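Visitor: here is a sequence with its predicted model. Questions after.
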Amino acid sequence: MQARAWLMAAATLAAAVISSEAGAQAPKPFKMGYSVGFLTDPFQAIQVDLTVAAAREAGLEVLPVANANGDAGRQITDFHNLISEGAKGLITVPTDSDAIVPALKFAAGRSIPVVAIDIAPAGGKVDMIVRADNTRMGEDACHLIGRQLGGKGTVLSMMGDQATTNGRDRTAGFAACMKADYPAIKLIQQPTYWKTDKATAVAQTVVTSTPDLAAIYMQSDSVMLAGVLNVLKSAGRLTKVGETHHIMLVSIDGTPLALQRIRDDLLDAAISQPLDLYVKYGLRYLQAAVAGQTFPAGPTDHDSRIVDYKGNPMDLLPAPTVTKANAADPALWGNKAKG
């Protein structure tokens, strides 16, 4: 597992900040459960490790992490099991935004607070959703590509799973921006379902059949980047940033691989996930919810905004854009993960 060298130091810092921001009186400890929808990419694995370590450092008892492994039905069972094992608060990353609703209703019926991070549920009750502004992520990627291409050319959008809010938002933000601001760009949209093999197959098909392809937007470099680079290399179309016939590449997530490829001049830019903020505020909100606190809509004290999302509060966190100018920034999670 990555991030071992800095894991405990980061967890200690996160726990200290959480404790100070929760008020003068430290939150009472409780038993916490963590239900993750999948652990197929390094981002999710590191997020789990950091959250669990920070929770323990903050004095919480953490039950063994329940991994649904992409099975929405299994995640419902995981909720039941965690609560039966004594969890008084839950953090979850849904495997499916709609399918998680019965699990949330079960938790609410037993007065167990739930905080969702990274992926928002489509319904049910949660005490907070902590996410990056994924629509804005798509818009930022759109502008990076649209401006660089001068508003012309053919662009492939490799869509995430449309059963998740992240997939829908990253797709919608990008597509709406392209239509409104760069109408002369031809947009090809292909689903990948967050699957590496599917993403590689999509890239293979489009790259080999689209000689005028000018750019590729990858909604997750965790599962798409390596395959796309291999496809471009095999097709003889992999060139460095700034070289003639370079196919512009922009991704979301900001994995260690993505940051390295930016430094190598093979990836133009990435919109990085604010993983440290997920850990910090996911725990902060869960501790507050267990203590009976609520948070109103509006601007926060940490450069974000809380909005209503289908009856639940959602804190939309800022996400940094990474280019070669700042790809070595040690604050980026992808650089910390290499340690």
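Guide: Now that the structure is in, tell me what you want to look at.
Visitor: just to be sure, residue 277 is in a strand?
Guide: No - Residue 277: not assigned to a strand; according to DSSP: H, G, I helix; E, B strand; the rest coil it is helix.
Visitor: if I look at it, how far off is residue 333?
Guide: Here the criterion is Cβ to Cβ, to the nearest Å. By it, residue 277 lies 10 Å from residue 333. All C-beta spots, glycine's among them, are computed from the backbone N, C-alpha and C.
Visitor: show me which of the two is the more surrounded one.
Guide: Using other Cβ atoms under 10 Å as the criterion, residue 277 and residue 333 rank with residue 333 on top: 25 against 22.
Visitor: wait, the more buried one sits on residue 272?
Guide: Yes - judged on Cβ atoms under 8 Å, residue 333 makes contact with residue 272 at a distance of 6.8 Å.
Visitor: now for these two: what residues contact both?
Guide: Residues touching both residue 333 and residue 272 by Cβ atoms under 8 Å, 6 or more residues apart in numbering: residue 254.
Visitor: what ranges do the helices span in the stretch 1-150 of the chain?
Guide: Taking DSSP state H, counting those that start in this stretch, the helices of the stretch 1-150 of the chain run over residues 4-21, 42-57, 72-84, 101-109, 134-148.
Visitor: would you single out the least confident of those helices?
Guide: With a mean of 40, helix 4-21 has the lowest mean pLDDT of the helices of the stretch 1-150 of the chain.
Visitor: burial check on residue 265, number of neighbours?
Guide: Neighbour tally, residue 265, other Cβ under 10 Å: 14.
Visitor: for the one 10 residues further on, same thing?
Guide: For residue 275, the count of nearby residues is 26 (other Cβ under 10 Å).
Visitor: for residue 36, same thing?
Guide: By other Cβ under 10 Å, 24 other residues sit near residue 36.
Visitor: repeat for residue 121
Guide: Neighbours of residue 121 (other Cβ under 10 Å): 24.
Visitor: begin at 95 from now on, thanks
Guide: Okay, using 95 as the starting number, the last item reads as residue 215.
Visitor: that one against residue 191, yeah?
Guide: Yes - Residue 215 is within contact range of residue 191, at 5.5 Å (criterion: Cβ under 8 Å).
Visitor: so what sits against both of these two?
Guide: Counting by Cβ under 8 Å, 6+ apart, the residues touching both residue 215 and residue 191 are residue 259.
Visitor: shared neighbours of residue 371 and residue 427, which are they?
Guide: The contact sets of residue 371 and residue 427 do not overlap (Cβ under 8 Å, 6+ apart).
Visitor: mind giving me the domain split of this structure?
Guide: Split into domains by automatic domain parsing, the chain comes to 98-220+369-412, 228-366.
Visitor: among those domains, which is nearest residue 420?
Guide: The closest of those to residue 420 is domain 228-366. By Cβ to Cβ, the value is 9.2 Å.
Visitor: just the terminal-to-terminal distance for the closest one.
Guide: In domain 228-366, first residue to last residue: 11 Å (Cα to Cα, to the nearest Å).
Visitor: just to revisit the earlier point, now the helices of the stretch 95-244 of the chain in TSV, with distance to residue 249 and mean neighbour count?
Guide: Below are the helices of the stretch 95-244 of the chain laid out as TSV (distance: least, Cβ to Cβ, whole Å; neighbours: other Cβ atoms under 10 Å):
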stretch	distance to residue 249	mean neighbour count
helix 98-115	36	17
helix 136-151	24	22
helix 166-178	32	18
helix 195-203	34	18
helix 228-242	6	22
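Visitor: using CSV, list the CA coordinates for stretch 129-143.
Guide: Taking Å, rounded to 0.1, in the frame of the first residue of the first chain, the C-alpha atoms of stretch 129-143 are listed here in CSV:
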residue,chain,number,x,y,z
SER,A,129,-18.1,1.3,4.2
VAL,A,130,-16.3,1.7,0.9
GLY,A,131,-17.8,0.8,-2.4
PHE,A,132,-14.6,-0.4,-4.0
LEU,A,133,-10.8,-0.4,-3.5
THR,A,134,-9.7,-0.9,-7.1
ASP,A,135,-7.6,2.3,-7.4
PRO,A,136,-4.9,3.7,-5.3
PHE,A,137,-6.8,6.9,-4.4
GLN,A,138,-9.5,4.9,-2.6
ALA,A,139,-7.0,2.7,-0.8
ILE,A,140,-5.0,5.7,0.4
GLN,A,141,-8.2,7.5,1.4
VAL,A,142,-9.2,4.6,3.5
ASP,A,143,-5.8,4.3,5.2
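Visitor: alright, that wraps it up for me.
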